[in-house]
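Chemist: sequence unavailable; structure follows:
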């Protein structure tokens, strides 16, 4: 194992003082340009690496940002992580990742772990279990920026980036109505996290606008995955007055819907199917799946921009009162194309 | 912004010396149990957080591990990241993420950035551009463990975790032969990264074993994505002697193959289609897609275990000469099921 090069080694190699080396490396102008160049060259040759941890003790900054998400395996979060890392990197920041795996207990640990690692701030999206949000207050108590994205919570006042979920629910329903579907069902999940409720509100709003009475039988609440869509569809197909279109809570739910329809020899758009999230596969399956682009990449970028703005303004979160709200994009495809 | 609690504040609040507080917090037994408890209680009440960065200067450890991957948006890597974070967390480590986006230049920057952040070691998978691997040597020069996973390179001697890619290529081809397919084509990519070549070697090996001559027209080298599979299939369908099965370099290539077949009114398994990687959607599309499970979760866990082993043995990478090689699992599904 090679011994780590220190400024003492550089000083010795050049036969100059440690103080001169330090001034050269810290770009202090009280030394000659030729000395500075000689030091930098020797530092490079000797593979010198400045101790960022030590310098963070003086600056109080680590240039590390904590990112807390339910799971990197969920493509939406993987995309936000991808975007955050890509954007923040260009400003000299790295990201420290913590996954909650949808557990409140793990989320509490995550906040502590990230704070102990001396992150400069935290960008987070809540677990499905999170009802009480007091553990997030610790971040603010330490005077560090906390930005919440996508999965927000009414009890937590913090800068946030979200998507207009009610409008997303409205858009998919309106699209189905425009395609001539009349008996529109919705397979989703019940959670304290607002986004699912908001999308559902949008669904109800679009139906009401069209003068269509809400049929309680057409709302199925289950798990937000393929199995949930599959089971929900079997329930819906048993109804005397079958739906002619089914909205899935996300694209995986929609896959389950299509699977159950297939078992009944029904292929969309005979019964229309639409999802949320525009997973990588959605465009490419047959028939291609209509869905909503939730702008994960843009969300990551907006979080990063917001973080940098707060840091520049010296932690003035109070200056950012209004959440950044991104607009969902409807992606109509073959699975709902009647006309 | 709340002022950060220091051990001085705790000492003042309890009217004891700073040294006593320090001994209590560091669990040194030269103070009474009642004092220790009083200090811990006050520390909790005052929201005291030990400065891990400062203590890392003494211990030389940050309990942060650098993870360098092509992209968190590629599901295989998202799963490895997920698994790494989940496993290492239970040993008190956090992961600092760096994405190369398949760029060699970015990979070089990534190694520097992670080393500057004083990570305890690096777990990495190479970019598609990486031919020269000298930048990885810097990690070893600093005496830090470097573990390479999945995308390895002959020039780099380092502990590694990989999957038996030749066997993966062999397995898919043998499966197609067993199902009665005879004219088996392969749409893949040309890269210096070994895994693609090794899978292709396995394909050739299985054909040779079966006494089937390699038909050069049946190997198409393009982009490793949906478009690559789509274009490659159109090329293959123009052949006078059309293939009766097509292997896609990954599941997205397979999606492109199915799309092109569909345009020619062919549905698998009429022409058999199989991929690699077992993406989340593969099981659930219609027909369900045969593929290879590359054991991403297990790969993350093995990397984490290897890292912990090296750290425990005080950086003795030389003790780990043999790479950990995981066995790929064949997942036969409807898209290749003739019998």
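Modeler: The structure has been received and is ready for your questions. Remember, it's a predicted structure, so these values are computed and weren't measured experimentally. Numbers count the residues shown, from 1 in each chain, chains lettered A, B, ... in the order given.
Chemist: would you map the strands across the stretch 151-300 of chain A?
Modeler: Listed in chain order, the strands of the stretch 151-300 of chain A (DSSP state E, counting those that start in this stretch) span A:160-163, A:184-188, A:219-221, A:245-248, A:272-274, A:291-293.
Chemist: counting contacts, what elements does the longest one pack onto?
Modeler: Based on contacts counted as 3 or more CB pairs under 8 Å, 6 or more residues apart in numbering or on different chains; DSSP states H and E, the elements that strand A:184-188 packs against are helix A:165-178, helix A:194-209, strand A:219-221, helix A:226-237, strand A:245-248, helix A:251-263. To be clear about C-beta, it is placed using only N, CA and C from the backbone, and glycine gets the same treatment.
Chemist: most neighbours per residue, which of the ones you listed?
Modeler: Of the helices and strands packed on strand A:184-188, the one with the most neighbours on average (mean count of other CB atoms under 10 Å in any protein chain shown) is strand A:245-248, at a mean of 30.
Chemist: what's that strand in contact with?
Modeler: Strand A:245-248 is contacted from outside by A:169, A:172-173, A:176, A:179, A:181, A:183-188, A:203, A:229, A:232-233, A:236, A:254-257, A:271-276, A:336, using CB atoms under 8 Å, 6 or more residues apart in numbering or on different chains.
Chemist: quick check: residues of the stretch 201-339 of chain A near chain B?
Modeler: Selection of the stretch 201-339 of chain A residues close to chain B by CB under 8 Å from any CB of the partner chain yields A:226, A:252, A:255-256, A:258-259, A:262, A:279-281, A:284-286, A:315.
Chemist: including pLDDT and distance to residue A:297, could the residues you listed go into CSV?
Modeler: CSV is the format used below for these (pLDDT from 0 to 100; distance: CB to CB, whole Å):
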residue, pLDDT, distance to residue A:297
A:226, 96, 25
A:252, 94, 20
A:255, 97, 23
A:256, 97, 26
A:258, 98, 26
A:259, 97, 29
A:262, 96, 32
A:279, 91, 14
A:280, 88, 13
A:281, 93, 17
A:284, 95, 19
A:285, 96, 22
A:286, 94, 26
A:315, 56, 27
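Chemist: of all the strands of the stretch 151-300 of chain A, which one is nearest residue A:93?
Modeler: strand A:160-163 (16.8 Å; CB to CB).
Chemist: so for that closest one, mean pLDDT?
Modeler: What strand A:160-163 shows for mean pLDDT is 94.
Chemist: what packs against it?
Modeler: Applying 3+ CB pairs under 8 Å, 6+ apart, one finds that strand A:160-163 contacts strand A:146-149, helix A:296-312, strand A:324-326.
Chemist: at 10 Å what do you get?
Modeler: Counting contacts by 3 or more CB pairs under 10 Å, 6 or more residues apart in numbering or on different chains; DSSP states H and E, strand A:160-163 packs against strand A:146-149, helix A:194-209, helix A:296-312, strand A:324-326.
Chemist: sheet partners, orientation included, of that strand?
Modeler: Strand A:160-163 pairs in its sheet with strand A:146-149 (parallel), strand A:324-326 (parallel), by DSSP bridges.
Chemist: buried ones in the last one, by neighbour count?
Modeler: Put plainly, it is strand A:324-326. Across strand A:324-326, burial judged by 16 or more other CB atoms under 10 Å in any protein chain shown covers A:324, A:326.
Chemist: just the buried residues of the helix or strand just after it, please?
Modeler: Counting by DSSP states H and E, the next helix or strand C-terminal to strand A:324-326 is strand A:329-331. Within strand A:329-331, the residues that count as buried by 16+ other CB under 10 Å are A:330-331.
Chemist: do stretch A:101-118 as well
Modeler: Across stretch A:101-118, burial judged by 16+ other CB under 10 Å covers A:101, A:103-104, A:106-108, A:110-111, A:113-118.
Chemist: how is chain A divided into domains?
Modeler: Per automatic domain parsing, the structural domains of chain A span A:7-50, A:58-162+A:296-326, A:165-294.
Chemist: low-confidence stretches in the stretch 201-339 of chain A?
Modeler: Counting by pLDDT under 70, the stretch 201-339 of chain A has low-confidence residues at A:314-321.
Chemist: distance-wise, check the nearest residue to residue A:280 once chain neighbours are set aside relative to residue B:72.
Modeler: Nearest non-adjacent residue to residue A:280, counting by CB to CB, 6 or more residues apart in numbering or on different chains: residue A:75, 6.7 Å away. Per CB to CB, to the nearest Å, residue A:75 is found 10 Å from residue B:72.
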